[in-house]
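Undergrad: Predicted structure and sequence below. I'll ask about it afterward.
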Amino acid sequence: MIRVLLRTQQDRLEIEVKGHQIKENAKDSLACNSMSILTQNLQESLIRLVSENHYSLESTNGLARVVRNEKLTSEEMKQREELLVQSFLIGTSQVVKLHPSHLSVEVKSQDFA
């Protein structure tokens, strides 16, 4: 089971994706690979399009995490981050539709729907 957790509070953003390591089963692997690509794209996009200094990224076998512990300094940066996170959630929802028994998504948020 792949678990996606999104938390936002005031000046903090945390996205964690767990359990997406390579599996023996082809259907499991497809869901895992899909989430890996979505998560890696989000990480790279936040660094390139928002700020390389505001995020700490972690990627290991089966775990990926994005954390922002400080306030973004401009409205444009906030809008870009929100757009990228929303895009990630849209992609994640598509994976859930295709593989509902393989993915759990939990959003704890004040800022993002």
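TA: Arrived safely, thanks for sending. Numbering: from 1, shown residues only.

Undergrad: just the strands in this structure please.
TA: Ranges of strands within the chain are 2-9, 12-18, 55-60, 63-68, 103-108, based on DSSP state E.

Undergrad: Now do the second one against strand 103-108, angle only.
TA: When axes from the mean of the first three to the mean of the last three C-alpha atoms, to 10 degrees is applied, the directions of strand 12-18 and strand 103-108 differ by 170 degrees.

Undergrad: Same list (the strands of the chain) but as TSV, adding mean neighbour count and distance to residue 96.
TA: (Each C-beta comes from the backbone N, C-alpha and C, glycine too.) Shown next, in TSV, are the strands of the chain (neighbours: other C-beta atoms under 10 Å; distance: least, C-beta to C-beta, whole Å):
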stretch	mean neighbour count	distance to residue 96
strand 2-9	18	9
strand 12-18	19	13
strand 55-60	12	21
strand 63-68	18	17
strand 103-108	15	5
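
Undergrad: Nearest approach to residue 77 belongs to which of these?
TA: Closest approach to residue 77 among these is made by strand 63-68 (10.1 Å; C-beta to C-beta).

Undergrad: Provide the strand pairings for the closest one, with the direction of each partner.
TA: Using DSSP bridges, strand 63-68 pairs in its sheet with strand 12-18 (antiparallel), strand 55-60 (antiparallel).

Undergrad: Reformat those strands as TSV; add distance to residue 94 and mean pLDDT.
TA: Formatted as TSV, the strands paired with strand 63-68 follow (distance: least, C-beta to C-beta, whole Å; pLDDT from 0 to 100):
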stretch	distance to residue 94	mean pLDDT
strand 12-18	15	90
strand 55-60	21	90
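
Undergrad: Dump these to JSON lines, plus distance to residue 4.
TA: Listed next are these as JSON lines, based on distance: least, C-beta to C-beta, whole Å:
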{"stretch": "strand 12-18", "distance to residue 4": "5"}
{"stretch": "strand 55-60", "distance to residue 4": "15"}
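
Undergrad: Cool, thanks, talk later.
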